[in-house]
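Q: Next come a sequence and a model predicted from it.
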Amino acid sequence: MSDIITLKDNRDFRRLYHRGRSFASPLLVTYALKNRSGDVRIGITTGKKVGKAVMRNRSRRIIREAYRTLSAEIKGGYDLVFVARTKTPFVKSYDVLKAMRKQLKDAGVLT
C-alpha cells in the first residue's frame, strides 16, 4: 500500500476552497480539483464546531479510513479536501464511506 500524500500548506487548502468543486452531505463536504502532478493529494479539516479534540481526532480517523478503502478506485491527478461536519464523529466509517463514494462519483474522480 502506498503512502497517502497530504496537503499541508494553507494556500493549497484556500486554492481548493475557491477554485475546486464542492459536494456536501450531512456527514462530509468534499472539495475536488485537478492538479498538474499525477498524484492524489488529500487534506482533512475539522473545525471547532465538530467538538473538542477527541471528537475532531475521531472525525479525522473516520475520514482517513473511508479514504483508505476508496483509494484504489480514485483516478490520479486530483487534490481532495474533506471537511468534517458536526455529525461525523457520531457515525461509523462505513456511513462516511457511502457519502464519500457518492461525492467522489459526482465529482468524476472515481474510475
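A: Okay, I see it.
Q: for the chain, what spans make up the helices?
A: 10-19, 53-70, 93-107 (DSSP state H).
Q: For residue 41, which of these is the nearest?
A: For these, proximity to residue 41 was assessed by C-beta to C-beta; helix 10-19 is nearest, at 7.7 Å. To be clear about C-beta, it is placed using only N, CA and C from the backbone, and glycine gets the same treatment.
Q: Show me what counts as buried in the closest one.
A: By neighbour count with 16 or more other C-beta atoms under 10 Å, helix 10-19 contains the buried residues 12, 13, 15, 16.
Q: okay if I get the helices of the chain as JSON lines plus mean pLDDT and distance to residue 32?
A: Output for the helices of the chain, formatted as JSON lines (pLDDT from 0 to 100; distance: least, C-beta to C-beta, whole Å):
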{"stretch": "helix 10-19", "mean pLDDT": "95", "distance to residue 32": "8"}
{"stretch": "helix 53-70", "mean pLDDT": "96", "distance to residue 32": "13"}
{"stretch": "helix 93-107", "mean pLDDT": "95", "distance to residue 32": "4"}
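Q: can you list those helices in a markdown table and add distance to residue 77?
A: Output for these, formatted as a markdown table (distance: least, C-beta to C-beta, whole Å):
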| stretch | distance to residue 77 |
| --- | --- |
| helix 10-19 | 14 |
| helix 53-70 | 16 |
| helix 93-107 | 13 |
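Q: how about those, which one is nearest residue 85?
A: Going by C-beta to C-beta, the one of these nearest residue 85 is helix 53-70, 8.5 Å.
Q: picking up where we left off before, out of the helices of the chain, which comes closest to residue 81?
A: For residue 81, the closest of the helices of the chain is helix 10-19, at 4.8 Å, according to C-beta to C-beta.
Q: chain center to that closest one, what's the gap?
A: Helix 10-19 sits 14 Å away from the centroid of its parent chain (C-alpha atoms, centre = their mean, to the nearest Å).
Q: who touches the residue positioned nearest the centre of the chain in this structure?
A: Geometric centre of the chain, nearest residue: residue 82, 2.6 Å, by C-alpha atoms, centre = their mean. For residue 82, the contacting residues are 28, 29, 30, 42, 43, 44, 45, 63, 67, 100, by C-beta atoms under 8 Å, 6 or more residues apart in numbering.
Q: Right, I'll leave it there.
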